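Engineer: Need a 3D model of the following:
(2 chains)
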Amino acid sequence: MTVKVRVARSARRGPARFLEGVAAERLISISSPIFLLLVWEAVGRFGLVDVRFFPPPTAIADTFARLVSSGELWSNTVTSLGRIVIGFLIGAVPGLILGVVMGLSRFVRAALNPMVGALYPIPKSAILPLLLLVFGLGEASKYAIVASGVFFLVLLNTAAGVLSIEPVYLDVGRNFGASRLQTFVTIALPGALPLIFTGIRLAWGIALVLIVVGEIFASQSGLGYLINNAYQTFQIEKMYAGLIVMSVIGYASFLLLDELQRWLVPWRGSRAV
Amino acid sequence: MTEGARVAVRHLGMRFALQGRPLVALEDVNLQVREGEFCCIVGPSGCGKSTLLRILAGLERQSSGEVHIEVRDPAKPLTAMVFQEQSIFPWMTVEQNVGYGLRMRGVHASVRKRVVGHYLDKVGLAHFAGAYPHQLSGGMKQRASVARAFATDPEILLMDEPFASVDEQTRALLQEELLRVWEGERKTVVYITHSIDEALVLGDRVVVMSARPGRVKAEIDVALPRPRSVYELKSTAQFAELVARVWEPLRREVLASYGELAS
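Structural biologist: Numbering: from 1, shown residues only, chains lettered A, B, ... in the order given. Below you'll find the predicted structure:
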């Protein structure tokens, strides 16, 4: 017993003893990317890497500022975000409803499982040509590619979420006389919500990938187009500016999803249910 | 049918198919519960006592025989069940959980709030109305579950080993609380337990079920005075004698159920 305490104490005499725990972590988290940027800048300046492919951060920042002030970056970002959100909703809402029904009904599950099983594994980027044929080169095909990826992830996770609900909760609903709709709203949906959120997070990630694919291949606007167009016209700094925006969108949207989850699934608390 | 029987179970049989093999869970069960009676059912594990309760709750349909529950007030729900496992919804606050049955029956929010408040008070959860179940102990969760069942004011209360998974001290407290709430209302209760002590502390009558297939083996009247105090009761000679009377028929059934497991 005493030995254990001693070991625990001696472990605290680490290198960051003067900077206790959290403060030290924060300092490291902030300084490490700055250090990386400095190295990047230096190796570019000293000609250690080809600046045509790896322009130094200051050059990218210049281009970034120019693209922001011209409005080019902003308009393409808004275009892409709009497509992601609309495509996401077109895929997620039916996926959610059908997923709950699939989870609750053995017969619906038996009817839909073969189709879902066959269609889900097809990489959605592979059906882009088909979607372009069907929906044309306009906005509809961008919504469709995003929705096709989102739909299956939300559907499968929602169905799994409903199936994972303890049977006793459904018994409680029956014993207390819950109607079908009440069962859906008060038990199936909230009970599946933690897994639904997992599906939404995965689907959002896929949506970001698919919109870029769609815009690279068949669009004259959006961040995917901006990145691809910069590449083709050899404006490499501009390409990096596009990548930075993608990174920020990804990071910010996952923070938002975290917040949304805290708000919609308050019972998850700090302890697992 | 006997006069005054609130619940009458006649020639009840239940067969399942377990991995393709037929399994007789209940066979020719006959049971009557009087109005306002606290009826405890004990029996060896796997004797079908939970199945019997689920049939009474309308969660399963029997294979043969009949169940008759006399309806006195059609406006009330027929049964409300307290389940063995944790059954209060993790996604609802304590208050929402206790009010669930009322909400399903379309009871107005203001009435609901009053009734829920009353029962939260009775089971000592008034300060936890807004808490989520993950913030509660096992005993508190079962208190909420009991309150939820009482709140709907059912014709019959069904309880399936509600305190089986809490520690012994908490169980004694919960039993006292249940007695206090029940003695105020004198609802008809069918209570499943595997504990002889619990059955005698709570019940007006103890029904002993046989090993599978479940049948009614013996019925013992518990003529202990009410209101009862759990700890005082257990130290009386009368209690010890009752334990022996229940244990006698039960012992053989428990041994029989071991025999079945061994074969």
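Engineer: What helix or strand is the residue positioned nearest the centre of chain A located in?
Structural biologist: Chain A has A:Gly205 as the residue nearest its centroid, 2.7 Å off, counting by Cα atoms, centre = their mean. When elements are assigned from DSSP states H and E, A:Gly205 belongs to helix A:189-218.
Engineer: Next one: A:Leu202 from A:Asn157, what distance?
Structural biologist: 7 Å (Cβ to Cβ, to the nearest Å). (C-beta placed from N, C-alpha, C; glycine too.)
Engineer: So those two - more neighbours on which side?
Structural biologist: A:Asn157 (24 against 16; other Cβ atoms under 10 Å in any protein chain shown).
Engineer: list the helices and strands the helix or strand where the more buried one lies packs on?
Structural biologist: Per DSSP H and E, A:Asn157 falls inside helix A:139-163. Helix A:139-163 makes packing contacts with helix A:72-104, helix A:106-119, helix A:128-135, helix A:189-218 when contacts are defined by 3 or more Cβ pairs under 8 Å, 6 or more residues apart in numbering or on different chains; DSSP states H and E.
Engineer: Just the element for B:Cys40, please.
Structural biologist: strand B:38-42.
Engineer: How about B:Glu219?
Structural biologist: Assigned by DSSP H and E, B:Glu219 belongs to strand B:216-221.
Engineer: Got the phi and psi for B:Gly207?
Structural biologist: In this structure residue B:207 is Val, not Gly. Main-chain torsions, B:Val207, degrees, to the nearest 10: phi -100, psi 120.
Engineer: Bridging across strands, which residues link to it?
Structural biologist: When bridges are called by DSSP bridges, B:Val207 pairs up with B:Ile41, B:Glu219.
Engineer: quick one: contacts for it?
Structural biologist: B:Val207 makes contacts with B:Leu31, B:Cys39, B:Cys40, B:Ile41, B:Val42, B:Val216, B:Ala218, B:Glu219, as judged by Cβ atoms under 8 Å, 6 or more residues apart in numbering or on different chains.
Engineer: and the last one, how many residues sit next to it?
Structural biologist: Counted with other Cβ under 10 Å, the burial measure for B:Glu219 works out to 14 neighbours.
Engineer: I'd say it and B:Val208 touch.
Structural biologist: Yes - taking contacts as Cβ atoms under 8 Å, B:Glu219 lies within contact range of B:Val208: 7.3 Å.
Engineer: who are the neighbours in contact with B:Gly139?
Structural biologist: Contacts for B:Gly139 (Cβ under 8 Å, 6+ apart) come out as B:Val166, B:Asp167, B:Thr170, B:Leu173, B:Leu174.
Engineer: quick one: it from chain A, how far?
Structural biologist: 17 Å (Cβ to the nearest Cβ, to the nearest Å).
Engineer: Equivalent analysis for B:Glu161, please.
Structural biologist: Distance from B:Glu161 to chain A, by Cβ to the nearest Cβ: 13 Å.
Engineer: pLDDT value on that residue, please?
Structural biologist: With respect to pLDDT, B:Glu161 has a value of 93.
Engineer: Need the nearest residue in space to it, chain neighbours excluded.
Structural biologist: Leaving aside its chain neighbours, B:Glu161 sits nearest to B:Gln84 (4.4 Å; criterion: Cβ to Cβ, 6 or more residues apart in numbering or on different chains).
Engineer: Show the contacting residues for residue 79.
Structural biologist: No chain in the question, so chain A it is. Applying Cβ under 8 Å, 6+ apart, the residues contacting A:Thr79 are A:Ser221, A:Gly222, A:Leu223.
Engineer: hm, I was asking about chain B
Structural biologist: A:Asn175, B:Leu56, B:Ala57, B:Gly58, B:Ile69, B:Pro154, B:Glu155, B:Ile156, B:Leu157, B:Leu158.
Engineer: C-terminal to the helix holding A:Asn157, what's the next element?
Structural biologist: Using DSSP H and E, the helix or strand that follows helix A:139-163 in sequence is helix A:167-175.
Engineer: Which among the contacts of B:Gly139 count as buried?
Structural biologist: Neighbour counting by 16 or more other Cβ atoms under 10 Å in any protein chain shown classes B:Val166, B:Thr170, B:Leu173, B:Leu174 among these as buried.
Engineer: Downstream of the lowest-mean-pLDDT helix or strand in chain A, the next helix or strand is which one?
Structural biologist: Every helix and strand of chain A was ranked by mean pLDDT, DSSP states H and E. The lowest is helix A:2-11, at a mean of 47. Later in the chain than helix A:2-11, the nearest helix or strand by DSSP H and E is helix A:21-45.
Engineer: Alright, that wraps it up for me.
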